[in-house]
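Student: build me a structure from this.
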Amino acid sequence: MKIMATVSKAVRRGWVTAIPLFLSSWTALGALTELRLDNGATAFPEDAQYEPAMAVNPTDPNNAISAALDLLDANSADPGAAAIYTTLNGGSTWQRQTLKWGAFGLFTISDEVAAFGPKPNGAGGFSYANGARAYLAALVLGGGGFVGYFLTHSDDKGVTWSDPVQVDTTDYPVALNDKPWLTADQNPASPYFGSVYATWTLFSWGFNGTHGKQFGPTANFAPQPIVISRSTDGGLTFSRPKRLSPAYNTTYGGQVQFYGRQFSSVTTSPDGSVYVFWEDTINKQGVVLGVRSTDGGASFTRPFFLGFAHDPPYPYVGGFPLYPGAAFRAPNAPSSTVDPTSGNIFVVWTDYDPIIGHEGLTVVRSTDKEATWTTQTGAGQPARRHLLPAVDAGNDKA
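Tutor: Numbering: from 1, shown residues only. Purely as a prediction, here's the structure:
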């Protein structure tokens, strides 16, 4: 029984709030088994599990890791709010553990991200000869109130994990590192095989009066660029963050939108190119932009336009549109992938259609390394709402 390599964005990026965590695995084509990863608690908030992520081992399809914001141990003497679930038998059983970094003055809080890549070979390179390295990252609350981006790795299929490594840096004014994403170059033929790429939104505004700088009369005017950092030593150290987008704050749609440039998605192609896509704003209109690197993330192109991302007319709570009658956000967060054989690029996001009165999907594809794009709007089921999509590709099918 093998774990599904593609799961819904609600599982991969996780904005569904306070529900039991379920995972699905297949036993035969079209036959799904639903497994509930209950943490054993019976009362809120300890029983809450949300913001999950998932990754499958490329060298062992029976091994997968999932992570979620799990509040079982959040109020314990040794607290932690990020839990890891590991399976070694194709999803039949799962083992749970909490990331507890109190000894480092850190408390895991949210936005978990999972990925696999090759293991370092001890000679400055990488290899799958001894299996794969699992990576798990999360936002972490540290001393003084800063919210940082930290990563841990496992070389035994998720059974044990390393001490935390800081992905972002604190040698410049920053209040919040938010909405992280993570990938590793898995292609042995790539010149950057094994490199790990981490992206996120960096907020530089006053935070509890101690961190960051406030530009303008309120925090609404603070910079918020998309940034990237890379690791070439298996996640032991990371480069200084590189800005990929403009930094000006974004507001549009008549809403006070603190998070108009968000939800970065990073992926790599067979030739080692790195692509990053995100939601942004141009002339008060939501759009999806992207950049490309051909030198392993050392430099990137200027942002290029993929398409519009119309926001739904929902009330904004905490800077995001909140789905009516529910407790989850409904952003236009893009998801991206590159076909590992052809190199064709696929990006998908939610786009609100005012004519039909609900969300549809926009899917774009490039077969020439982002020189041109083919766009399909209104993908999916016309009579259904489409929220938080995810995309994966293989054999030039997505």
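Student: can we go C-alpha only for contacts and neighbour counts from here?
Tutor: Will do.
Student: going by neighbour count, list what's buried in stretch 33-45.
Tutor: L37, D38, N39 (16 or more other CA atoms under 10 Å).
Student: which residues of the stretch 251-398 of the chain fall in helices?
Tutor: For the stretch 251-398 of the chain, none of the segments meets the definition of helices by DSSP state H, counting those that start in this stretch.
Student: poorly predicted segments of it, please.
Tutor: 251-260, 314-327, 378-383 (pLDDT under 70).
Student: again, but for the stretch 101-250 of the chain
Tutor: 143-145, 170-175, 205-222, 249-250.
Student: now the buried residues of stretch 33-45 as JSON lines including distance to N89 and secondary structure?
Tutor: What follows is those, written out as JSON lines (distance: CA to CA, whole Å; DSSP: H, G, I helix; E, B strand; the rest coil):
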{"residue": "L37", "distance to N89": "15", "secondary structure": "coil"}
{"residue": "D38", "distance to N89": "18", "secondary structure": "coil"}
{"residue": "N39", "distance to N89": "19", "secondary structure": "coil"}
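Student: quick one: mean pLDDT over stretch 33-41.
Tutor: Mean per-residue pLDDT for stretch 33-41: 76.
Student: returning to what we had before: what is the nearest of the buried residues of stretch 33-45 to H386?
Tutor: L37 (25.4 Å; CA to CA).
Student: from A115, how far out is the closest one?
Tutor: The spacing between L37 and A115, counted by CA to CA, to the nearest Å, is 20 Å.
Student: leaving out sequence neighbours, find the closest residue to T87.
Tutor: Using CA to CA, 6 or more residues apart in numbering and skipping the chain neighbours, the partner closest in space to T87 is W94 (4.7 Å).
Student: wait, a strand at S229?
Tutor: Yes - counting by DSSP: H, G, I helix; E, B strand; the rest coil, S229 is found in a strand.
Student: what bridges to it?
Tutor: A198 (DSSP bridges).
Student: please report how far it lies from S366.
Tutor: 25 Å.
Student: so between those two, which is more surrounded?
Tutor: Neighbour comparison, S229 and S366: the larger count goes to S229, with 22 against 17 (by other CA atoms under 10 Å).
Student: between the two ends of stretch 360-374, how far is it?
Tutor: End-to-end for stretch 360-374, by CA to CA: 17 Å.
Student: could you number the chain from 38 rather than 1 from now on?
Tutor: I'll keep to 38 as the first residue from here, and by that count the last item is stretch 397-411.
Student: can you give the distance from it to the centre of its chain?
Tutor: Centre-to-centre, stretch 397-411 and its host chain are 21 Å apart (CA atoms, centre = their mean, to the nearest Å).
Student: stretch 334-347 now?
Tutor: With CA atoms, centre = their mean, you get 17 Å for stretch 334-347.
Student: cool, and stretch 111-122?
Tutor: The answer for stretch 111-122 is 21 Å, by CA atoms, centre = their mean.
Student: please apply the same query to stretch 161-179.
Tutor: 15 Å.
Student: mind listing what's buried in that stretch?
Tutor: Here stretch 161-179 shows 162-165, 168-178 as buried, counting by 16+ other CA under 10 Å.
Student: please apply the same query to stretch 365-379.
Tutor: 365-377.
Student: how about that stretch as PDB, C-alpha atoms only?
Tutor: Below are the C-alpha coordinates for stretch 365-379, written out as PDB (Å, rounded to 0.1, in the frame of the first residue of the first chain):
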ATOM      1  CA  PHE A 365     -11.200  28.700   7.200                       C
ATOM      2  CA  ARG A 366      -9.600  31.200   5.000                       C
ATOM      3  CA  ALA A 367     -10.100  31.300   1.200                       C
ATOM      4  CA  PRO A 368      -7.000  32.900  -0.300                       C
ATOM      5  CA  ASN A 369      -5.900  32.600  -4.000                       C
ATOM      6  CA  ALA A 370      -2.800  30.700  -3.000                       C
ATOM      7  CA  PRO A 371      -0.900  29.200  -6.000                       C
ATOM      8  CA  SER A 372       0.500  25.700  -6.100                       C
ATOM      9  CA  SER A 373       3.300  24.800  -8.500                       C
ATOM     10  CA  THR A 374       5.100  21.700  -9.800                       C
ATOM     11  CA  VAL A 375       7.500  20.800 -12.700                       C
ATOM     12  CA  ASP A 376       7.200  17.500 -14.500                       C
ATOM     13  CA  PRO A 377      10.300  15.600 -13.600                       C
ATOM     14  CA  THR A 378      10.800  14.200 -17.200                       C
ATOM     15  CA  SER A 379       9.600  16.900 -19.600                       C
END
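Student: contacts only, for W131.
Tutor: For W131, the contact set (CA atoms under 8 Å, 6 or more residues apart in numbering) comprises L74, Y122, T123, T124, L125.
Student: nearest to P89, of the residues you listed?
Tutor: Nearest to P89 among the contacts of W131, with distances taken as CA to CA, is Y122, at 10.2 Å.
Student: confirm that closest one sits in a strand?
Tutor: Yes - the assignment for Y122 by three-state DSSP puts it in a strand.
Student: can you tell me how far the closest residue to it other than its chain neighbours is from F144?
Tutor: Ranked by CA to CA, 6+ apart and with sequence neighbours excluded, the top spatial neighbour of Y122 is R133, at 4.5 Å. In this view, R133 and F144 are 18 Å apart by CA to CA.
Student: between these two, who's got more neighbours?
Tutor: Between R133 and F144, counted using other CA under 10 Å, F144 has the larger neighbour count: 23 against 16.
Student: hang on, isn't that one packed against K137?
Tutor: Yes - between F144 and K137 there is a contact under CA atoms under 8 Å: 7.1 Å.
Student: overlap in contacts of these two?
Tutor: P116, G117, A118.
Student: now list the buried members of these.
Tutor: By 16+ other CA under 10 Å, those give P116, G117, A118 as buried.
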